[in-house]
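J.: Coordinates for the following, if possible.
(4 chains)
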There are 2 protein chains.
Amino acid sequence: MRLLLVEDELEMAAALSAALGRYDMILDHAPTLDHALAALANHVHDGIILDRQLPDGDGLSLIPRVRALKSGIPVIVLTARGAVDERVRGLDMGADDYLAKPFAVEELLARIRALMRRSPDIAPMTARIGKLVFDFDGRQAQVNGQLLDLPRRELLVLETLARRQGRTVQRSTLEESVYGYDDEIQSNSLDAHVSRLRRKLADTGAGVEIHSIRGVGYLLRPSP
Amino acid sequence: MRLLLVEDELEMAAALSAALGRYDMILDHAPTLDHALAALANHVHDGIILDRQLPDGDGLSLIPRVRALKSGIPVIVLTARGAVDERVRGLDMGADDYLAKPFAVEELLARIRALMRRSPDIAPMTARIGKLVFDFDGRQAQVNGQLLDLPRRELLVLETLARRQGRTVQRSTLEESVYGYDDEIQSNSLDAHVSRLRRKLADTGAGVEIHSIRGVGYLLRPSP
DNA sequence: TGCGCCGCAACGTTGCTGCAATCCTCGTCG
DNA sequence: CGACGAGGATTGCAGCAACGTTGCGGCGCA
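T.: From the prediction side, this is the model:
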């Protein structure tokens, strides 16, 4: 799961990024409307968290453009506590939900999950390849009903591959999905994650394999 | 994938060409609006990267002409960082996306991919010839649902031929698609790749053949 | 403070790829 | 009609870049 936070307060962004990271989510941060539009053009985000007060305008003005770009993506608007009319206006503008600041991270998470759940048209809930079942909602992988306990990076790799099951995922795409924009990676860490993930998939008899295509990328497929 | 860069700075063009080449993309360079229009007449490009400041006018003026020529082709506009109104105007003029200079190549690539993904009318997602199915999104070929495991160069050859299925692909065009402009090739490597690809297509019973036309090029067609 | 994830680097391995040598095919011209 | 030349096809080979694997140290989290 990859979210875009549109928010000019750096402190808040850092805190939220850390918090969501613990739940295996990637948070990209856009400090201005401009940055937000640029980031959204990539169509890689599954949801948007939107502050209203931004250096270059009202956050709400982003919503119509978001809808034009990617219609069904969930948008959560952050408002000041008690400003009822703000909330109403947000919903009128097409936001899916709002949240009063300050808020508990748990609450934000719950709302994100709820919104994900009711937009099944975007992406199917689960993917099945071999004996592996990947649950995009619960963000977990199962083999024969047995939970596959994966660390964050490996889970992101598997999730990305499962999303495009059967089709090739370019190496650069995978790097973006696993590390986000900001994080520069300067080693073969990705290969390392793939390697460890492969071992786990093999050990649990998941019936899937990560096939590599030299110079192109990887793909997830049933093992022969 | 073949893109047209409309940009008068040679340095920038060279750098970008080299960078995109590494990601299996071909970049043609047009230093002026005039050159751009001439290049577009060939209808071989899958996307346009457009600078605004050009010797013979504003890059944006190209957009309506592009739309008239080839309606759905993605256009990315390059703007100076921080010039918000420029960007807005670009989007109003019908650009599909914009990018602030200087930018990371990865960022550009991500946008290109995203735009490709949502313009299915331009480039059909899949091509079918004989028993061969080529998936341009997943960048892979299948025969009877079976993945054809091809290395980078061979994949590029097949991808290019499949994209122009039935029509002849000039030898020089194919070389450009496979190697790009920078990479000089001094042997018959291309023939070698074609040869190996032919063997694989025959072995898997793909029902297609790469027919060669002496002195002109190749074409992909159902085998008799 | 212990545990585990993660980035990193070192090193082994694979197989793609450019190259060239050789053979083949087709068209042309005497 | 036969020889010749140019362009194409095939294949072996060696270099090297991409990929795989593993161990280590640091850092964050419980």
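J.: the strands in chain A, which residues?
T.: A:2-6, A:26-30, A:47-51, A:53-54, A:57-58, A:75-80, A:97-101, A:126-129, A:132-135, A:140-143, A:146-148, A:169-170, A:208-213, A:217-222 (DSSP state E).
J.: Next to DNA strand D in this structure, residues from chain A, please.
T.: A:18, A:22, A:171, A:188, A:191-192, A:194-196, A:198-199, A:212, A:214-217 (Cβ under 7 Å from any atom of the strand). Every residue, glycine included, has its C-beta placed from N, CA and C.
J.: What subset of these is buried?
T.: A:171, A:194, A:198, A:216-217 (16 or more other Cβ atoms under 10 Å in any protein chain shown).
J.: so which of the residues you listed also contact chain B?
T.: A:216-217 (Cβ under 8 Å from any Cβ of the partner chain).
J.: Now tell me what touches the longest helix along chain A from outside.
T.: Counting residues, the longest helix found in chain A (DSSP state H) is helix A:189-203. Defining contact as Cβ atoms under 8 Å, 6 or more residues apart in numbering or on different chains, one finds that helix A:189-203 is touched by A:132, A:148, A:150, A:153-154, A:157-158, A:171, A:174-175, A:178, A:208-210, A:212, A:218.
J.: Can you give me the neighbour number for the residue in chain A positioned nearest to chain B?
T.: The nearest approach of chain A to chain B comes at A:R167, 3.0 Å away (Cβ to the nearest Cβ). Look at A:R167: counted by other Cβ atoms under 10 Å in any protein chain shown, it has 17 neighbours.
J.: can you pull the pLDDT of it?
T.: Model confidence at A:R167, given as pLDDT, is 83.
J.: Repeat that for A:D92.
T.: As predicted, A:D92 sits at a pLDDT of 63.
J.: and A:R65, how many neighbours?
T.: A:R65: 14 surrounding residues under other Cβ under 10 Å.
J.: correct me, but it touches A:L37?
T.: Yes: between A:R65 and A:L37 there is a contact under Cβ atoms under 8 Å: 6.6 Å.
J.: Contact residues of chain A facing DNA strand C?
T.: A:149, A:151-154, A:179, A:183, A:185-189, A:191-193, A:214-215.
J.: hmm, 10 Å instead?
T.: A:21, A:24, A:149-157, A:178-180, A:183-193, A:195-197, A:212-216 (Cβ under 10 Å from any atom of the strand).
J.: domains in chain A, as residue ranges please.
T.: A:2-117, A:126-222 (automatic domain parsing).
J.: Please report how far the closest residue to A:F134 other than its chain neighbours lies from DNA strand D.
T.: The shortest distance from A:F134 to any non-neighbouring residue, by Cβ to Cβ, 6 or more residues apart in numbering or on different chains, is to A:A162 (4.1 Å). The gap separating A:A162 from DNA strand D is 17 Å, by Cβ to the nearest atom of the strand, to the nearest Å.
J.: count of neighbours near A:A162?
T.: 22.
J.: Hmm, it is touching A:L220, no?
T.: Yes: proximity of A:A162 to A:L220 meets the contact threshold set by Cβ under 8 Å, at 6.1 Å.
J.: where do the contact lists of those two overlap?
T.: When contacts are counted by Cβ under 8 Å, 6+ apart, the set common to A:A162 and A:L220 consists of A:I129.
J.: now A:T160: how far from A:A127?
T.: 11 Å (Cβ to Cβ, to the nearest Å).
J.: Now tell me which helix or strand of chain A has the poorest mean pLDDT.
T.: helix A:84-92 (a mean of 60; mean pLDDT, DSSP states H and E).
J.: Enumerate every residue touching A:A19.
T.: Applying Cβ under 8 Å, 6+ apart, the residues near A:A19 are A:V105.
J.: So it versus A:T160, what's the distance?
T.: 22 Å.
J.: ok, for A:R52, nearest residue in space, not its chain neighbours?
T.: Residue nearest to A:R52 in three dimensions, not counting chain neighbours: A:G59, with 4.5 Å by Cβ to Cβ, 6+ apart.
J.: In the residues of chain A next to DNA strand D, find the pair that's most separated.
T.: Greatest spatial distance among the residues of chain A next to DNA strand D (Cβ to Cβ): A:A18 and A:R214, at 36.6 Å.
J.: Number of residues surrounding A:A14?
T.: 12.
J.: Pull up the distance across stretch A:19-37, start to finish.
T.: Terminal residues of stretch A:19-37 lie 24 Å apart, using Cα to Cα, to the nearest Å.
J.: Quick check: mean pLDDT of it?
T.: The model assigns stretch A:19-37 a mean pLDDT of 74.
J.: mind listing what's buried in that stretch?
T.: Those would be A:19-20, A:24-37, for stretch A:19-37 by 16+ other Cβ under 10 Å.
J.: Give me the distance between it and the centre of its chain.
T.: Between the centre of stretch A:19-37 and the centre of its chain there are 9 Å (Cα atoms, centre = their mean, to the nearest Å).
J.: If I look at A:T160, what pLDDT would I see?
T.: 92.
J.: Chain neighbours aside, what residue packs nearest to A:D96?
T.: Nearest non-adjacent residue to A:D96 (Cβ to Cβ, 6+ apart): A:P74, at 4.8 Å.
J.: Next, find the distance separating A:P151 from A:K200.
T.: With Cβ to Cβ as the criterion, A:P151 and A:K200 are 10 Å apart.
J.: between these two, which one's more packed in?
T.: Neighbours were counted for A:P151 and for A:K200 using other Cβ under 10 Å; A:K200 has more, 17 against 12.
J.: Can you tell me how far that one is from B:A206?
T.: Taking Cβ to Cβ, one finds A:K200 at 35 Å from B:A206.
J.: what is the nearest residue to A:L147 once chain neighbours are set aside paired to in the beta sheet?
T.: In this structure, A:L147 finds its nearest non-sequential neighbour in A:Q140, 6.1 Å apart by Cβ to Cβ, 6+ apart. When assigned by DSSP bridges, A:Q140 has beta-bridge partners A:D135.
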